[in-house]
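Chemist: Structure, please.
(one chain, ligands or ions: 1)
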Amino acid sequence: MKFYNTISGKIEEFKAINQKEVRIYTCGPTVYDFAHIGNFRAYVFEDLVRRSFEYLGYKVVQVMNITDVDDKTIKKSNELGISLKEYTKKYTEEFFKDIDTLNIERAEYYPRATEHISQMVDIIKKLLDKGYAYKKEDAIYYDISKFKDYGKLAKIDVNELKKGSRVNVDEYDKDNVQDFALWKFKRKGEPFWETEIGLGRPGWHIECSAMSMEYLGETFDIHMGGVDNIFPHHENEIAQSEASTGKKFVNYWIHIHHLIVNGQKMSKSKGNFFTLRDILQKGFRAPAIRFLLLGTHYRKTLNFTFQALKQAEQNIDRILNFMYEIETTVFKDFENSEMDKITEEYNNRFVSALEDDFNISQALNTLFEFIKKINIMIKNREIGSKDRDKIVSIMRGFDKVVGVLPDKFETELQSEEKELIEKRNRLREDKKYEEADKIRELLKDKGIIIEDTPWGVRWKKLQ
Ligand SMILES: [Zn+2]
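Modeler: Prediction:
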């Protein structure tokens, strides 16, 4: 497995800290509103990373934080006159509904910021002791000039930063505008916690340092987020974590590029701002939305258009129709001796694509080429009943990564019904048509229609 590591600027071979286990932190939602499709592009890609590792046999431990205290959540809850907890609970629940709609696998942990205040306070205390943080009237700040490596992720020169930023410093209590708040002291109308470092609430950046290290250890494998998180958020996470532990924070940084709509930045004023619900309301299916968000390589900008979404629906239908055909066609009773070789070849190609910087376009190409290949073989009557399970199982395997197939086709048959169809097949092969027709009638009473097609028997369930 190799992929692009933001901090080195290179494609690197992945080496897990613990053999076949991968520990991943993903910056999660701030639960002040519904997440939009730009957010979901990142979450769907992170799901692809997770599923790819699982497909390669890794155990995944993933953490996604829920930011349930920040300026926006406080402001909104105050406007509505309800508690922060009540306000964020609603949007946290809606977030999980959306995650399920998009068939995003659940992470192992979804820590809430408000439930990890003591861990944040511990880090801030260490930073104060070691001289990386200083106290002012309004907050405790991180002094970026004390951290030698500041800027190593975003490739930013701290001295350049300082020059341009003097103007704003007066508005704050901090010594330099690029210094950031670790702890904001109690302000009127804001929730606060009573802690050893004073009454107040955490800054955003400290949340992720505290919750990642709490569940994944002081050094872990992969940290992901959108490209807009690189600076200052992830840069600040590194500064806080490495200064407090004296250890390397993260081995690999993966950043997902932006989503634009019809070639333009998404914005409410332009009317091109969409939540997942907005798109579902237009009648599009969730698997197609997932497919579209997934299909563009994560290091390219994804241009979301409804035309592309229609194409995604067609692609989903191609997969569904193929699966339907494979699962419902009653093939002749033989086994193609080439089938193991074929499935292995396509599976290898699929895996190589994933291992090549999560090249999902290549992986999807492989899936569609496999469908094409098998369809030709069906027409040439080269597929036997013993091949069906192998075809279904490789397709189900691909879908463990792609995630667009239903768990079960509603049209699936009972084993008793399958046996009847197979019995009818044998009767027809023995030219016992009268008995065969009786079975056809029996199946019809059960609501199953039998069709004899040039490439075998197919069935349909009456709706
Ligand atoms: Zn974060």
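Chemist: what about the stretch 201-350 of the chain, any weak spots by pLDDT?
Modeler: By pLDDT under 70, the stretch 201-350 of the chain contains no weakly predicted segment.
Chemist: Would you mind naming what in it lies close to the ion?
Modeler: Counting by CB under 5 Å from the ion, the stretch 201-350 of the chain comes close to the ion at residue 208. In short, each C-beta sits where N, CA and C put it, glycine included.
Chemist: again, only using 8 Å
Modeler: Within the stretch 201-350 of the chain, the positions adjacent to the ion are 204-205, 207-208, 212, 225, 229, 233-234, 237 by CB under 8 Å from the ion.
Chemist: Can you report how many residues lie near whatever residue of the stretch 351-463 of the chain ends up closest to the ion?
Modeler: Per CB to the ion, the residue of the stretch 351-463 of the chain with the smallest distance to the ion is residue 358, at 20.6 Å. The tally of other residues near residue 358 (other CB atoms under 10 Å) stands at 22.
Chemist: residue contacts, it?
Modeler: 3, 45, 48-49, 52, 297-298 (CB atoms under 8 Å, 6 or more residues apart in numbering).
Chemist: Turn these into a markdown table, including secondary structure and neighbour count.
Modeler: As requested, the contacts of residue 358 are exported to a markdown table (DSSP: H, G, I helix; E, B strand; the rest coil; neighbours: other CB atoms under 10 Å):
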| residue | secondary structure | neighbour count |
| --- | --- | --- |
| 3 | strand | 21 |
| 45 | helix | 25 |
| 48 | helix | 22 |
| 49 | helix | 22 |
| 52 | helix | 23 |
| 297 | coil | 15 |
| 298 | coil | 26 |
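Chemist: okay if I get these as TSV plus distance to residue 242?
Modeler: Shown next, in TSV, are the contacts of residue 358 (distance: CB to CB, whole Å):
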residue	distance to residue 242
3	22
45	26
48	28
49	23
52	28
297	30
298	26
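Chemist: Just the pLDDT at the closest residue to the ion within the stretch 51-200 of the chain, thanks.
Modeler: Nearest residue of the stretch 51-200 of the chain to the ion (CB to the ion) works out as residue 65 at 6.2 Å. Per-residue pLDDT puts residue 65 at 97.
Chemist: so who does it touch?
Modeler: If you count contacts by CB under 8 Å, 6+ apart, then residue 65 has 27-28, 110-113, 207-208, 211-212 around it.
Chemist: Quick one: the strands in the stretch 201-350 of the chain, in order.
Modeler: For the stretch 201-350 of the chain, applying DSSP state E, counting those that start in this stretch gives strands covering 220-226, 250-256, 259-261, 264-265, 302-304.
Chemist: Please identify the deepest-packed of the ones you listed.
Modeler: strand 220-226 (a mean of 24; mean count of other CB atoms under 10 Å).
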